[in-house]
Each structure stands twice: as C-alpha cells, then as structure tokens.
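**Q** model this:
(chains A and B)
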Amino acid sequence: MDTLFNKPQKQIFAIFSFLFLSIVFSSNHAFAQGGDKIFKQNCAVCHSLGSNTVTGPGLKDVFTRVPSEEWMHKWIKNNNALIAAGEPYAVKIFNDNKKTAMTVFASSLSDDDITAVMKYIKDYKEPAPQNPTSVAGGAAAPAEEGLNPLAILIGVIAFLIIIVAVLRGVRHSLKNLQNEKQGLPEEESVSAWTELKQWIYGHKRTTVVIILIILGGLLTSGWYALKDIGVYEGYHPEQPIAFSHKIHAGDNAINCQYCHSGVERSKVAGIPTVNVCMNCHKGITKGPTTGTTEIAKIYEAAGWDPEKGEYNKPQKPIKWIKVHNLQDFVFFSHQQHVKVGKQECATCHGEVKEMTTVHQDKQLTMAWCIDCHRKTEVPGMKNNPYYESMHKKLAEQYKNLPKEEQVITVAKMGGIECGKCHY
Amino acid sequence: MNKKATKIITLMAVFGCVAIAFTSCDKKDANSPGVEYMPDMYRSPSLESNMAYVTIKNGKETGDTLQVNRMPVAGTIARGFLPYAFADTPEGYEAAKVGAHNPLERNDKNVAEGKELYGKFCIHCHGESGQGDGPVGLKLPGAPPAYTAADKINMTEGELFQIITYGKGLMGPHKPLVSQEERWKLVLYVQHLQHPNGVTAPAADSAAVKPAPKMEAKKK
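**A** Predicted structure coming up:
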C-alpha cells in the first residue's frame, strides 16, 4: 500500500516541520519587546534598579532574595493570586511594603515579556559613578567676583598722584643741575599746593567748569540715591536652597501656578509646601547644575529617606527669603489681579522663567502701579456677572468721549482712589 | 592752539573720572534690599504670610523661628470644605473605584475648565495629550503611563479621582493643590483625552462597576 510519504520523505517532512516550528517559536521570542522598554513603561514608575525604595522595593540583587525565578515570574504576572494563596514569601513582601498591592500584569504582559524584563533586571549593572567634576563645577560657579570699579578708580588715581609727585621731584632736580652748570642760583622749591593755586589763578574759567561738573555729578547721584530709598528693584537674595526658576519654569515648562497655587484664591501667591517639591523630586534625585546637593536639602526638610523611600525623619521648615515685599501701608491682592484682572505673572514679576536667582524686576512703587491702572482694561469684567451692571453703567458714562478714551481702564472704575489701596 | 588742546584733554579726563566715580557706586549687595527710611510703616505689626520671624528673648535671638504658614488649629474646618469618603489605603482605592462618582455634569464648560487646570497642574509630566511625554515626565525614572494604554483607558472616574487626590506610584498627592471640584473637572478632561470622540462612560465597560446615574442620563 502506498502511503502519502514513503519513509525517507517522512523523515524529511519531520525535519522540515521541526525546523518550521522551531523558527515559529524562536521568532515568537524575538517578537517579545526589549526588557528595558518593558521595564521603563511598566515597572520604573514604582521600582528602581538600585537599592532605594521608590514606591515598591529597589530591585538590586532581587534574585538572591526571592525563592526562585519561577516564583518571580508568577509574582510579576499576578501577585494578588500568590498572596491570596497564602504563599509565605509573597505574604511577607506584601506586609513589608505597607500592604500596598502591586499592579497585576496578567493581562498586559505576556509570559515572554515577563521573561524579558526579568532578564533585563538580572543583567542590569549600575553605571560606574560619573566624574563628579561636572557636579562640583556647577556649585563652585559663582566664585569669581569682578573687582569693584570704584577700587580700580581709586587705585588709578593714587598711582597717577604718585607719578606726578615723582616727576615733579625729577624735574626739580634736573632744573637745579642745569642751573648749577650755567652758574645760576638754585631754583626755589615750591610746594605742590602753591603750584596748584598758581595754576587755578591762571585758569579761572577751566576751574569753574571742573567744579561745576563735580557738583552736578554729586547732585544727580544724590538725587538717584534718594529715589532708591525703599525701592527694592534688583533685590536678589541668596536663598537657603539654590532653587532655579530657569530650570523649573523655563526648561521644564512647569506652570507658575503649579507651585504658587494660591494666586487665584488668596491675597498671596504662596510659597509651595515641600510636599509639592516631592511630587517630582521623589523621582528626580539629581539636578543638571548642582547634582544631588541641593535636592538633598529638600529631602532634609521633608524628612524623606531616599534609601528607604519613606518619610521617617523629623521635618524642618525651609527658611525662604521673601523677595517681593510690599509695605504694610498698601493693600495688594494677587487674586484680584490674576483671577479678575487676568494679568500675566510676568507683568509684575518680569521673565522669572529666565532667572536663576529671582530678583525683583519691577520697581513696585506707587507711580508704577498707577501708571498701569491708567492704561489697563479689566478683561475679566466683561463676561463676569458680578461686574455686568457696573460695566454697562460705565460704558454709558464714557460713550461721548473720543474713541481712544472710551476704554474702561482700572483708573476709570476708581482704581486710583487713595482708599482703594491705602486704608 | 596747543594750549587749547591740552585744556580739552584735561577737561575730558576729569569728566570721565567723575562719571566713573558716580556710576561705580551703584553696585548693591545682593542680600540687602536697599536703604529704608523710617521703616515703621513698612513692617507689619501683625504676622505676614510667607515670612519667618526670629524669636528674641532677653535681647538675644533664639535659634527657633516662628513660621507664619502653619497647620490650622485641630478640629477646625475650612470654609467650603467637602468631606471625601475614601481613604488613602488599598481598600479605599478599591472602594473608590466603584463608589466615587462625579457630581459635575459633563458639558463643554466643565471640560474646558478641566483643560485649563490640566495645563497648570498636569501637563508638565503627563504631556499635552496625556501620553506621559511632558518635559518633566520624560526626566522621571519611569515616564507616566499614557492615559490611552490598554490597562488605563477603562479606569473608572472614581479611580482617576482617587489617583489625583492621593497619588499613585511616583505621582504625589495633589489634594493640597486643587480643590475637590477642580479635581472632578480634571477627571472630566482626562476622560476627554482618553476618549476624544465622546466619552461613553468607561465605567460601563467593566462589568463590576455601575456607571454614575448622571452619566447615564447624559448619554441619551
């Protein structure tokens, strides 16, 4: 009887089918995603590859801790099932981590994915510690300070006076030598002061001009010095933590209100609590310019232990220094300006997102306030039912004015009345 | 002629020196705010917010400072406070999944307000479209998962609210930053990002969860 295949053919078929199947299986392996990618997408949110705890325990040397790789596989797939089954190590891990359940990956990761990620964790080696110069360089940056120009000037003047005195002496002795040769009597030595007086007698007009210039300079600088009293423009104190608005609000585009969240509901915009810092810095432990030194100060204040990943130390307040201070005799509310007035933060604070240390950018004087109140409309007023009737009334009142004066500015609503800010 | 030239040069030199002398005095000490004249009315006798006050005893500064920003007195309740029934525990999380429902209506205004809040409080980590690609998110050890990931897209509104309130994984609690109503608006916008073509109450997809009655009504 003829079968479909005779014997040699059968063997070849068997070999081919084996090859085909093995290719299928191995390619299936190849299709599983790379372990590093899976780790980043699914695990890194809670686990670090070092020994520190993020939300879940650090995975360094994890395979020496767990009972077996098989156990690990089961745990990643469905840790709830293991705990529910009462497997002793699973229950221990669950209790050790404040009974916070790990995500179940049975539906989102295939067996091959889990194998791949386990291989990734096993093979992972911590990168060698980088040369710390880049870190130290950032911290030591503000070392060199320019010489005070005033000191330079005084030095130059002193040097010139010495040269003039020496030259006067040299000239005097040369003249005497010459006189001696010619048999003339020795020149009388005159003091510098007498000589200067003689020069002044000879150049009366020039002297008056010089005196006028000096006087004018003194008066103008005195005037500006008086105008500076109580104006903190340019004030940029060193803060207890070298927090850079440029990195946070500029490079990372974090909205001002994420940290200063009181700005729409309070008189003051508020300094964020350390809790807000920790929202990101639980994960970000190293900064681009100062490395870990400044971020460690946040952990210190929050009482956070980055190794164990828990708040187990006493908390300490950070003594931030307030840069923008308004005098006590003037009332200012952020809420009113930001919520209703719809003013940008930069209108009064300048381009903070470009400042490494915050400085007071605007004068914050009364003239400066009034100037803005005279020019600015209140955009939040038009569609706000609270102001509706008032807005209509004012529009009626000013409708006979020329077009450019019809704009209802803050000043026209009584925004420059004394009692509005001083009471 | 020569005399005149010397005169002009002398004048210019003197003027230059004077100008440098007057402008060079401007360099201020960065740590000092500047001169104050009669500061009695500058400084508030009452405690001002965001200031730390040094305590002085017997004419000497003591080490401790008085922080103005402090916890409210025990037992006091803030105006407009709304209690929230679910605790920050694994059990609370499971309960909130099915038990917490959005009191707000899904309408354009609420979603738009949610979007505005999202732009202030979420966007830097979760990215503009919720794919976890914000500038800060990419710097975290693990980027936040995309809202549309297979295991996230069907999260219930209660689950989303619970996560915003207490945080999850690397994400910190946002309860102190956004009020309860604002958090529900954020939930509306996150759901909008998950289902841009109209939310069909994702809660309804999972068998164990009953959709909020309000959402049900809205669907019709």
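**Q** check contacts around whichever residue of chain B sits closest to chain A.
**A** Scanning chain B for the residue nearest chain A gives B:G142, at 2.7 Å (criterion: Cβ to the nearest Cβ). Every residue, glycine included, has its C-beta placed from N, CA and C. Listed by Cβ atoms under 8 Å, 6 or more residues apart in numbering or on different chains, the contact set of B:G142 reads A:40-41, A:43-46, A:283, B:169-170.
**Q** can you tell me which two in those residues are farthest apart?
**A** Greatest spatial distance among the contacts of B:G142 (Cβ to Cβ): A:Q41 and A:G283, at 15.0 Å.
**Q** Could you check which of the two has the larger neighbour count?
**A** A:G283 (24 against 19; other Cβ atoms under 10 Å in any protein chain shown).
**Q** That one and A:H47, how far apart?
**A** When distances are taken as Cβ to Cβ, to the nearest Å, A:G283 and A:H47 turn out to be 12 Å apart.
**Q** swap in A:V410?
**A** Plainly put, A:V410 is 54 Å away from A:H47 if you go by Cβ to Cβ.
**Q** Then B:I163?
**A** As it turns out, when the distance is counted by Cβ to Cβ, B:I163 lies 18 Å from A:H47.
**Q** Check A:Y398 too.
**A** Between A:Y398 and A:H47 the distance, using Cβ to Cβ, works out to 65 Å.
**Q** Could you count how many residues lie near the residue of the stretch 1-150 of chain A found nearest chain B?
**A** Using Cβ to the nearest Cβ, A:A44 is the residue of the stretch 1-150 of chain A that sits closest to chain B, at 2.7 Å. The local packing count at A:A44 equals 21, with neighbours defined by other Cβ under 10 Å.
**Q** Spatially nearest residue to it (excluding sequence neighbours)?
**A** Taking Cβ to Cβ, 6 or more residues apart in numbering or on different chains, and ignoring the residues beside it in sequence, A:A44 has B:G142 as its nearest neighbour in space, at 2.7 Å.
**Q** A:A101 too?
**A** Distances taken as Cβ to Cβ, 6+ apart place B:P90 nearest to A:A101, at 5.4 Å, with adjacent residues excluded.
**Q** Identify the residues contacting the closest residue in space to A:V338 that isn't next to it in sequence.
**A** In space, A:V338 comes closest to A:V263 once its chain neighbours are excluded; the distance is 5.1 Å by Cβ to Cβ, 6+ apart. Residues touching A:V263, when contacts are defined by Cβ under 8 Å, 6+ apart, comprise A:256-257, A:269-270, A:334-335, A:338, A:345.
**Q** Please repeat the previous calculation with a cut-off of 6 Å.
**A** For A:V263, the set of contacting residues under the criterion of Cβ atoms under 6 Å, 6 or more residues apart in numbering or on different chains consists of A:257, A:269, A:334, A:338.
**Q** farthest-separated two in these?
**A** Comparing the members of those, the greatest separation, given Cβ to Cβ, is between A:Q257 and A:H334, at 10.6 Å.
**Q** In chain A, what residue spans correspond to strands?
**A** Along chain A, the stretches classed as strands by DSSP state E are A:304-305, A:310-311.
**Q** What pairs with the last one, parallel or antiparallel?
**A** Think strand A:310-311. The partner list of strand A:310-311 in its sheet, established with DSSP bridges, is strand A:304-305 (antiparallel).
**Q** and the partner strand, average pLDDT?
**A** The predicted model assigns strand A:304-305 a mean pLDDT of 91.
**Q** Need the residues that contact it.
**A** With Cβ under 6 Å, 6+ apart, strand A:304-305 has contacts from A:311-312.
**Q** and with 8 Å instead?
**A** Contacts with strand A:304-305, where a contact means Cβ under 8 Å, 6+ apart, come from A:278, A:282, A:298-299, A:310-313.
**Q** contacting residues for B:G127?
**A** For B:G127, the contact set (Cβ under 8 Å, 6+ apart) comprises B:133-134, B:137.
**Q** the strands in chain B, which residues?
**A** B:52-57, B:60-67.
**Q** strands paired with the first one, and their directions?
**A** This points to strand B:52-57. When pairing is defined by DSSP bridges, strand B:52-57 lines up against strand B:60-67 (antiparallel).
**Q** Alongside chain B, which residues does the stretch 251-400 of chain A contribute?
**A** Proximity of the stretch 251-400 of chain A to chain B (Cβ under 8 Å from any Cβ of the partner chain) is limited to residues A:251-255, A:257-258, A:261, A:267-268, A:270-271, A:273, A:275-276, A:278-280, A:282-284, A:317, A:319-320, A:322, A:325, A:327-329, A:357.
**Q** among the residues you listed, which ones are buried?
**A** Among those, those classed as buried by 16 or more other Cβ atoms under 10 Å in any protein chain shown are A:252, A:254-255, A:257-258, A:261, A:268, A:270-271, A:273, A:276, A:278-280, A:282-283, A:320, A:325, A:327, A:357.
**Q** Using neighbour counts, pick out the buried residues of stretch A:211-219.
**A** Buried residues in stretch A:211-219, counted by 16+ other Cβ under 10 Å: A:213-214, A:217.
**Q** Contacts (any at all) between chain B and that stretch?
**A** Yes. Among the residues of stretch A:211-219, A:213-214, A:217-218 lie within reach of chain B under Cβ under 8 Å from any Cβ.
**Q** which ones among those residues are found in helices?
**A** Cross-referencing those against helices under DSSP state H gives A:213-214, A:217-218.
**Q** In chain A, spot the helix with the most residues.
**A** Scanning chain A for the helix with the most residues, using DSSP H, yields helix A:149-182.
**Q** tally of neighbours for the residue lying closest to A:T53 once chain neighbours are set aside?
**A** Here the nearest residue to A:T53 in space, its sequence neighbours aside, is A:G309; by Cβ to Cβ, 6+ apart that works out to 2.8 Å. Other residues within reach of A:G309, judged by other Cβ under 10 Å, total 19.
**Q** Can you report phi and psi for A:G309?
**A** With angles defined as degrees, to the nearest 10, A:G309 shows backbone torsions of phi 70, psi 40.
**Q** now it: how far from A:R65?
**A** From A:G309 to A:R65 the distance is 16 Å (Cβ to Cβ).
**Q** got it, and A:K246?
**A** Distance of A:K246 to A:R65, given as Cβ to Cβ: 43 Å.
**Q** More neighbours: which of these two?
**A** The residue with more neighbours, out of A:K246 and A:R65 and counting by other Cβ under 10 Å, is A:K246; that gives 17 against 12.
**Q** per-residue confidence for A:D328?
**A** pLDDT at A:D328 comes out at 85.
**Q** from what I can see it touches B:Y42, true?
**A** Yes. Between A:D328 and B:Y42 a contact is recorded at 6.0 Å, counting by Cβ atoms under 8 Å.
**Q** and A:I247, how many residues sit next to it?
**A** The burial metric for A:I247, expressed as a neighbour count using other Cβ under 10 Å, is 16.
**Q** and the closest residue to it other than its chain neighbours, backbone torsions?
**A** Spatially, and ignoring its direct neighbours in sequence, A:I247 is nearest to A:P288 (6.5 Å; Cβ to Cβ, 6+ apart). Backbone torsions of A:P288, given as degrees, to the nearest 10, read phi -70, psi -30.
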